[in-house]
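Colleague: fold the stuff below for me.
(chains A and B)
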Amino acid sequence: MKRSTAWIIFAVTLVVLGVLFGVPLVTVLSGGFFVNGRFTWRYLAGVFENPIYAAGLLNSLKIAIGTTTLVTLMALPLAWLGNRFSFPGQRWWSGLVLVPMILPPFVGAIGLQQMLGRYGALNSAFGLTVDWLSQGRYAAVIALQAFGLYPIMYLNVAAALANVDPAMEEAAENLGCRGWQKFRRITLPLIMPGVFAGGTLVFIWSFTELGTPLILNYTRCAPVQVFDALKEIGTNPFPYALVFVMLLASCLLYLGGRWVFGGQAYAMQSKAATTAAARKVSGLRGWLVVAPFVIVSFVALLPHLGVVLTSFCVPGSWYQSVLPGSWTTGNLREALGNSMTVSSIGNSLLYSSLAMAVNAILGLAIAWVVVRSELRFRGVLDAVAMLPLAVPGLVLAFGYLAISAYFANQEWVKAHPVWQTVLDIRVNPTLFLVIAYAVRRLPYMVRSAVAGLQQTSVTLEEASANLGASPMRTLRRITVPLITANLIAGGLLAFAFSMLEVSDSLMLAQRADFFPITKTIYELFQLIGTGKYIAAALGVWAMAFLAVTILGASLMLGKKMGQLFRAG
Amino acid sequence: MIRHLAILLAAGIIVALPFIFRQADQQTDWRPGDPVLTIITPHSAAIRYEFAQAFSAWHKQKYGRPVKIDWLNIGGTTEISRYLVSQFEAALRATGATNAVSVGVDLFFGGGEYDHQQAFRHGLTVPPWPDGQEPRNLLAAIPKTMGGETWRTSTLFGTALSTFGICYNRDRLRDLGVAAPPTQWIDLTAPVYFGQLGVADPTKSGSIAKAFEMIVQQQICETVRAAGFTDEQIDEYEACGHGPTAYEAAIARGWENGLHVVQLIGANARYFTDSAGKVPIDVGAGDAAAGLAIDFYARFEAEVAGGHRMVYVTPRGGSSVSCDPISLLRGAPHRQLAVRFIEFVLSADGQRLWNDRPGLSCSRVKKYALQRLPIRRDFYPPHPYPQSCSTDDLADPAIDPYVLAAAFTYRPRWTAGHFNVHRDLIRAMCLDAGPELHTAWAAIIAHGGPARQPEPMAWLQRLPDRPEPLTWQSARAITKKYDRLDYLRDWTECFRENYRQARERVMR
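Modeller: Have a look, this model is predicted:
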């Protein structure tokens, strides 16, 4: 890449990130440093003076390390098995292991409670009285997070394996390197960009994850401490200083991880030009290969199963029993018949699709600079692109609200309905919701694209340039086709998680006409008494839709997706 | 090919389902050009739906035109408060004059009295009627204060009432071997409830913080009475703002006793949650044996559970009755309409929506039973509201909020000035030092319980001595004298150290 081109892309992406992410973030976080118009270190110092916050950060770090380790141990073998073997029902099992990532908000906890509660299905089935949700909270947080997050690692590693040039492994075998040694010395280094991409996403996610510790009431960790401080009544600058420290810690951890693990990328001249023939297994061997998929999927899908059963359960009838005592489709009819539902489905599709498109452009541009340029500060761009993962959704949402309020009070905005529609959240939140979704899901696309580019030899692009192709033509005809599997992986994650985005949706979509589906689930959940059942029903619809989208994408994209899931 | 078709068919069915099941919107005769009212609220979709329908019909009948309500929902009350303040400040920066400021919203409906008072202090809310021109007939049915709670001021008007009490799961209590179900706060301090209580978080809700204040008030009252002071003497001393030394000492002891009750409830808690609905759901499911919950959430959940599994009780003399207010926002774009909405909500027509049962010919609600308690005095004995239409028996003394409020005598001098102290203290004592508290309490229980471990219990219940020894008398001064970050840190560290000491002494 020409240095001047790299500088232009670097500058443009940094400015775009600065406007879309930096400005709202600084707007809010400055509240922790400027009190009554005067700068102060007081609150930042307060974070370090109180030992419970240091303990919170340390516990979060332990959770992140534990979760990432467990996720790697689960996802790596699964992705390898899916890549190397052809077994009965492979398409479905490969798709099924991705489903855990589409657990809808709010009702996911209810599903888990119905399965693992004291009078839940598991205890009822085996006559136990174990308090699963309260015992061994630290280990439970790690386990629960791992079973929710392993699809991220699986997708990235599957994409990386699909990119591996089989000639490299064949060459190794010809030289006598087989089995574990071949995996350790050849395959693993070649897929390291994918492992690193998945690993960093999982690590930062679990470091800053709020939902699981809250469900399990594990309070001494940084995200819960931030949440508690943010939700406290009254105005308090302290939580913003705490968010700043958490951001700084995430950034340092990411850069540290990148320094230790991220440098080991080996590009392949003939990446994925051919695919290694998967070994066909059937009978007992086939089932041995299928078994890990079945076990992991079953455990990971327990909350989903709980949500599905709750949605068909007569309110109050699933208690001290394995299955609901009586069944109904009334919850589904109530949920799908609600006046908010149809419009919220359309809204979610619109917001998430636009966000994914923004992500694809921005993510690819950032990845290109990070991998293909020699700019000294490209690591800064890489780290900044990861930061949205570490920012609590509430904080960014407050930032967007403040920016919208600023514009909404300008005379030139008030004077023109078009500007009001674009810039005033109270009139129409589409722009801010798309930005919020795109920014918060950007890391998935960046990591996937970076992994793809790292595995692709730059010589192919250089050859294109030597033959007179412009940078855009090279990008369109050479680069993008070579990393399509990675872009699809990143796009799927970005789309699915945008559809399930909570904090921004709750605060930015203020009128029913603009509610996305997560806000409608929240609204239904708020109905006292029967709310959880009706919300579960809409959650089931969302899960079914996303599951079909993933499988549909797999079928319609044919070979490219097949490479990803080894299902073609 | 068949696979492709199957997936497409499945996708088609899934996308079509919402359209198939879509229910026609309630018939409305509102047309563009008719009035629109903008209301920001944390109320649920059910409340919004019923009030929108009923107000439009009421307005059309009275003023000839239907009204559309444009509801703004941005989450819970905390988010609404922050949103309003940030919008207000942005508008103030743009206009420069407080009187010209508008946040583009007409009304703030729902949330707690604390949040509406805060909004007023920020200059966000204004009186709907000029001084002296209030609709006296309408307001006469709503007391200004009751049992220590404010129900009406010149800017905020209570619309519905709720109490804070105890809900429990009968099956769980039986499994735990609890013979007598809890009826008072102090019952929840028993070791048998360790890890079994769901507790609403007083640091995240003004209403819940107020409820915890009442727990302390009750303990002070009992301690003062136990010290030999009669109710008449208490009234007399409180009227003049002080009593004899023994009386003041009893108040201080009672305050500490109240904090100990709160502390042991915290020690027994599975969690402190900001979600008002979580506690009854967990108790209904049996994950928590009992919990501290808002009445209507618990009653609803008990009804869903079938009426035999879960029970809600309001501790007599230990719980005040709080209101869900409505306030007019400064610069309301549709001020006249907003005032009419307030009048409607406070009228008998509007009040009936809170407790009417849907499906009856006399009912004013169309679809949902809101199962809330109206605030108007004339809905309760001796002027009972038509019972046949209501979901709750409003004449039942266990439900009648006026009876419950009258059972509680609030003494402002005891705790009103300690409101913020309590919040911070509970945070340091039960949340920030929560893991150490649970560990110490578990050790005490495992070694015979509090009665056999007096020394560790003394350590557990010791109040902080940094930055200064904490007492009823010194508490307010400490929070004024020191920076909040500093005293919170000191208190947390003191409690953690005390809890560690308690555990160590048990283990010796």
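Colleague: count of neighbours near B:Ile308?
Modeller: Not Ile; residue B:308 is His. 9 (other CB atoms under 10 Å in any protein chain shown). (Glycine included, C-beta is placed from N, CA and C.)
Colleague: which of the residues in the helix or strand harbouring B:Ala477 are buried?
Modeller: Using DSSP states H and E, B:Ala477 maps to helix B:475-481. Neighbour-count burial for helix B:475-481 flags B:Ala475, B:Ile478, B:Thr479 (criterion: 16 or more other CB atoms under 10 Å in any protein chain shown).
Colleague: so how far is that helix from its chain's centroid?
Modeller: 26 Å (CA atoms, centre = their mean, to the nearest Å).
Colleague: next structured bit after it?
Modeller: With DSSP H and E, the next secondary element past helix B:475-481 is helix B:484-507.
Colleague: that next one and chain A in contact?
Modeller: Yes. Helix B:484-507 reaches chain A (CB under 8 Å from any CB of the partner chain) through B:Arg484, B:Leu485, B:Leu488, B:Arg489, B:Thr492, B:Glu493, B:Arg496.
Colleague: which among those residues count as buried?
Modeller: B:Leu485, B:Leu488, B:Arg489, B:Thr492, B:Glu493, B:Arg496.
Colleague: so for chain B, the centremost residue is which one?
Modeller: B:Ser207 (3.6 Å; CA atoms, centre = their mean).
Colleague: can you give me the pLDDT of that residue?
Modeller: With respect to pLDDT, B:Ser207 has a value of 80.
Colleague: one more: the one 3 residues further on?
Modeller: The predicted local distance difference test score for B:Lys210 is 85.
Colleague: does it really touch B:Cys323, like I thought?
Modeller: No. B:Lys210 is beyond contact range of B:Cys323, at 10.9 Å (criterion: CB atoms under 8 Å).
Colleague: can you list the residues of the stretch 151-300 of chain A near chain B?
Modeller: A:Asn217, A:Thr219, A:Arg220, A:Asp228, A:Lys231, A:Glu232, A:Ile233, A:Gly234, A:Thr235, A:Asn236, A:Phe238.
Colleague: in ChimeraX, how would I select just the buried ones from the residues you listed?
Modeller: Remark: buried members of these, expressed as a ChimeraX selection using 16+ other CB under 10 Å:
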select /A:217,219,220,228,231,232,233,236,238
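Colleague: can you lay out the residues of the stretch 151-300 of chain A next to chain B as CSV showing pLDDT and secondary structure?
Modeller: Output for those, formatted as CSV (pLDDT from 0 to 100; DSSP: H, G, I helix; E, B strand; the rest coil):
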residue, pLDDT, secondary structure
A:Asn217, 86, coil
A:Thr219, 89, coil
A:Arg220, 91, coil
A:Asp228, 88, helix
A:Lys231, 84, helix
A:Glu232, 83, coil
A:Ile233, 75, coil
A:Gly234, 69, coil
A:Thr235, 71, coil
A:Asn236, 80, coil
A:Phe238, 89, helix
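Colleague: OK, contacts around A:Leu61?
Modeller: A:Leu61 makes contact with A:Phe207, A:Ala249, A:Leu253 under the criterion CB atoms under 8 Å, 6 or more residues apart in numbering or on different chains.
Colleague: now intersect the residues you listed with the helices, please.
Modeller: Among those, the residues falling in helices (DSSP state H) are A:Phe207, A:Ala249, A:Leu253.
Colleague: tell me which element the residue nearest to the first one when sequence neighbours are not counted falls in.
Modeller: Spatial nearest neighbour of A:Phe207, excluding adjacent residues (CB to CB, 6 or more residues apart in numbering or on different chains): A:Ala64 at 3.8 Å. If you go by DSSP H and E, A:Ala64 is part of helix A:51-84.
Colleague: pull out the buried positions in that helix.
Modeller: A:52-53, A:56-57, A:59-61, A:63-64, A:66-68, A:70-72, A:74-76, A:78-84.
Colleague: same thing with stretch B:138-157?
Modeller: B:141-143, B:146-153, B:155-157.
Colleague: make JSON lines out of those and add secondary structure.
Modeller: As requested, these are exported to JSON lines (DSSP: H, G, I helix; E, B strand; the rest coil):
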{"residue": "B:Ala141", "secondary structure": "coil"}
{"residue": "B:Ile142", "secondary structure": "coil"}
{"residue": "B:Pro143", "secondary structure": "coil"}
{"residue": "B:Met146", "secondary structure": "strand"}
{"residue": "B:Gly147", "secondary structure": "coil"}
{"residue": "B:Gly148", "secondary structure": "coil"}
{"residue": "B:Glu149", "secondary structure": "strand"}
{"residue": "B:Thr150", "secondary structure": "strand"}
{"residue": "B:Trp151", "secondary structure": "coil"}
{"residue": "B:Arg152", "secondary structure": "strand"}
{"residue": "B:Thr153", "secondary structure": "coil"}
{"residue": "B:Thr155", "secondary structure": "coil"}
{"residue": "B:Leu156", "secondary structure": "strand"}
{"residue": "B:Phe157", "secondary structure": "strand"}
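Colleague: circling back to that earlier point, next, the residue nearest to the centre of chain B: phi, psi?
Modeller: The phi/psi pair for B:Ser207 (degrees, to the nearest 10) reads phi -70, psi -40.
Colleague: secondary structure class for B:Ile39?
Modeller: Reduced to three states by three-state DSSP, B:Ile39 is strand.
Colleague: please name the nearest non-neighbouring residue to it.
Modeller: Per CB to CB, 6+ apart, closest to B:Ile39 is B:Leu107, 4.5 Å.
Colleague: for the one you found, phi and psi?
Modeller: phi -140, psi 150.
Colleague: what about it, neighbour count?
Modeller: 27.
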